[in-house]
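1. all I have is the shape, not the residue letters:
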């Protein structure tokens, strides 16, 4: 029984790594489409989000099956319930990649009013947070999870900086307003992605220690 | 068998009406907290969103049970699969009510830079769209669903107007920028709520006619 359960837990880990890769890919594609103003690619990401939603359902079913059939306790129970929570945050990250892509479609016709490399930096930071948080879960690495939570400050700082720049762009020329407002939304979505990666890391800490730091 | 199935379909309708009321309440509470700058109430809405998520899971289970046990065809199949799609949009509306409340918490310390009644109007329009779309589903009323889709223009126009006003506020005084950016985000979330109500109405049309107008 225990061996079978161990195999199922291993399957759960593999599925989570799998979903993590899908989401990383979604963020990567979303930011590439944004940088290149590629509306066609952006539309694909909106569809890709459905694949992520499906993966969430799959993992959710697996978790519920494990909870019902195995009646796990202590650490096993924490691991499965943390997984259940983590996939909700992962799915939300997928939504935000789609949200960003919708803004990309809106802005596709007009050249950017300014260099948007800060947004790319935010996206890269968010991807690192996501990858590390899933690694921390699989490796049961408390320090790694804590580091993810700390690094959310970097994203928050970038967000504040981008917001200030966009406000300044509008102040200088209200004709920039429309696009600045759209770019502001993009940076907000990236900031939310960082929040969700932080949530994931908090659930990892819960699964290891039994205490949720949130 | 058919009688039992009819009862189950009726239960599904009641659950959908129920979830619709929860979401209407969430929007109403979110906009009240926003208008009154009530951070305490806003925090409650973030928690209330979990209740909505749970309701979604419940209805989802019911739909899956009906699909598996009853193997419905034609109109029944369309009704159940439309319900499955509708609850995803409803849940997203709940998320946005929570998103708005997070912005309310952020802005709670500072008086508003301008009258924000337009946002209240947007929220009211969105609530009407939501209620009507669910009525259209339950009453199988095609015309009502089509009307919901048309009325999304009202919300989109309000959004454009609010966006222009906020851009103007930033242009006049960049010190308004921080809050104007937050209010812009709120109006974007309300606009997205309108989009999701439109999606719901489109699924209602699918459930009645078999054609999805999206």
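-> That came through, no problem. Computed from a predicted model, the values in this text were never measured in an experiment. Numbering: from 1, shown residues only, chains lettered A, B, ... in the order given.
2. count of neighbours near residue A:24?
-> By other C-beta atoms under 10 Å in any protein chain shown, 18 other residues sit near residue A:24. Yep, even glycine has a C-beta here, placed from its N, CA and C like the rest.
3. now swap in residue A:75 and tell me
-> 12.
4. please apply the same query to residue A:112.
-> The burial metric for residue A:112, expressed as a neighbour count using other C-beta under 10 Å, is 13.
5. what sits against the closest residue to it other than its chain neighbours?
-> Nearest residue to residue A:112 in three dimensions, chain neighbours excluded: residue A:179, at 7.1 Å (C-beta to C-beta, 6 or more residues apart in numbering or on different chains). Under the criterion of C-beta atoms under 8 Å, 6 or more residues apart in numbering or on different chains, the contact partners of residue A:179 comprise A:107, A:110, A:112-113.
6. state the helix or strand in which the residue nearest to residue A:183 when sequence neighbours are not counted lies.
-> Counting by C-beta to C-beta, 6+ apart, residue A:183 lies nearest to residue A:166, which is 5.8 Å off, once chain neighbours are set aside. Following DSSP states H and E, the helix or strand that holds residue A:166 is helix A:142-172.
7. taking helix A:142-172 as reference, get the angle to the next helix or strand after that helix.
-> Per DSSP H and E, helix A:142-172 leads on to helix A:177-209 as the next helix or strand towards the C-terminus. Compare the direction of helix A:177-209 with that of helix A:142-172 by axes from the mean of the first three to the mean of the last three C-alpha atoms, to 10 degrees and you get 170 degrees.
8. buried residues in helix A:177-209?
-> Neighbour-count burial for helix A:177-209 flags A:177-208 (criterion: 16 or more other C-beta atoms under 10 Å in any protein chain shown).
9. list the contacts of residue A:118.
-> A:158, A:161-162, A:165, A:187.
10. how about a cut-off of 6 Å?
-> A:158, A:162 (C-beta atoms under 6 Å, 6 or more residues apart in numbering or on different chains).
11. can you tell me the SS state at the residue nearest the centre of chain A?
-> Nearest residue to the geometric centre of chain A (C-alpha atoms, centre = their mean): residue A:93, 3.6 Å. Three-state call for residue A:93 (DSSP: H, G, I helix; E, B strand; the rest coil): helix.
12. now do it against residue A:49, distance only.
-> Look at residue A:93 and residue A:49: by C-beta to C-beta, to the nearest Å, they are 10 Å apart.
13. and chain A, which residues reach chain B?
-> For chain A, the contact set with chain B under C-beta under 6 Å from any C-beta of the partner chain comprises A:163, A:167, A:170-171, A:174, A:177, A:181, A:184-185, A:188.
14. can those residues go into TSV with extra columns for pLDDT and distance to residue A:85?
-> Formatted as TSV, the entries for the residues of chain A next to chain B read as follows, by pLDDT from 0 to 100; distance: C-beta to C-beta, whole Å:
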residue	pLDDT	distance to residue A:85
A:163	92	29
A:167	91	35
A:170	90	38
A:171	88	41
A:174	85	43
A:177	88	39
A:181	90	33
A:184	92	29
A:185	92	26
A:188	93	23
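15. farthest-apart pair in those residues, please.
-> Checking the residues of chain A next to chain B against each other with C-beta to C-beta, the farthest-apart pair comes out as A:174 and A:188, at 20.5 Å.
16. ok, now how distant is the residue nearest to residue A:183 from residue A:178?
-> For residue A:166, the distance to residue A:178 under the criterion C-beta to C-beta works out to 12 Å.
17. can you check residue A:151 too?
-> In this structure, residue A:151 and residue A:178 are 33 Å apart, going by C-beta to C-beta.
18. residue A:194 too?
-> Relative to residue A:178, residue A:194 is positioned 26 Å away (C-beta to C-beta).
19. tell me the phi and psi of the nearest residue to residue A:37 once chain neighbours are set aside?
-> On the basis of C-beta to C-beta, 6+ apart, the spatially nearest residue to residue A:37 that is not a chain neighbour turns out to be residue A:108, at 5.1 Å. According to degrees, to the nearest 10, the main-chain angles of residue A:108 amount to phi -60, psi -30.
20. residue A:108 reaches residue A:40, doesn't it?
-> No. Shown here, residue A:108 and residue A:40 do not form a contact pair, counting by C-beta atoms under 6 Å, at 9.0 Å.
21. which of those two has more residues huddled nearby?
-> Counting neighbours by other C-beta under 10 Å for residue A:108 and for residue A:40 shows that residue A:108 has the greater number, 15 against 9.
22. gap between the more buried one and residue A:28?
-> 19 Å.
23. next: residue A:10.
-> For residue A:10, the distance to residue A:28 (C-beta to C-beta) stands at 27 Å.
24. which of these two has more neighbours?
-> More crowded of residue A:10 and residue A:28, by other C-beta under 10 Å: residue A:28, with 15 against 11.
25. where's the more buried one, which helix or strand?
-> When the helices and strands are read off by DSSP H and E, the one containing residue A:28 is helix A:2-36.
26. so for that helix, mean pLDDT?
-> The predicted model assigns helix A:2-36 a mean pLDDT of 94.
27. packing partners of that helix?
-> The elements that helix A:2-36 packs onto, with contact taken as 3 or more C-beta pairs under 6 Å, 6 or more residues apart in numbering or on different chains; DSSP states H and E, are helix A:39-70, helix A:74-107, helix A:117-139.
28. pLDDT on the shortest one, on average?
-> This means helix A:117-139. For helix A:117-139, the mean confidence score works out to 95.
29. just to revisit the earlier point, show me what the helix holding residue A:166 is packed up against.
-> Packed against helix A:142-172, as judged by 3+ C-beta pairs under 6 Å, 6+ apart, are the following elements: helix A:117-139, helix A:177-209, helix B:142-172.
30. mind putting the ones you listed in TSV, distance to residue B:125 included?
-> Shown next, in TSV, are the helices and strands packed on helix A:142-172 (distance: least, C-beta to C-beta, whole Å):
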stretch	distance to residue B:125
helix A:117-139	31
helix A:177-209	20
helix B:142-172	5
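31. and residue A:87, which of those is closest to it?
-> With C-beta to C-beta as the measure, helix A:177-209 is the member of those nearest residue A:87 (9.3 Å).
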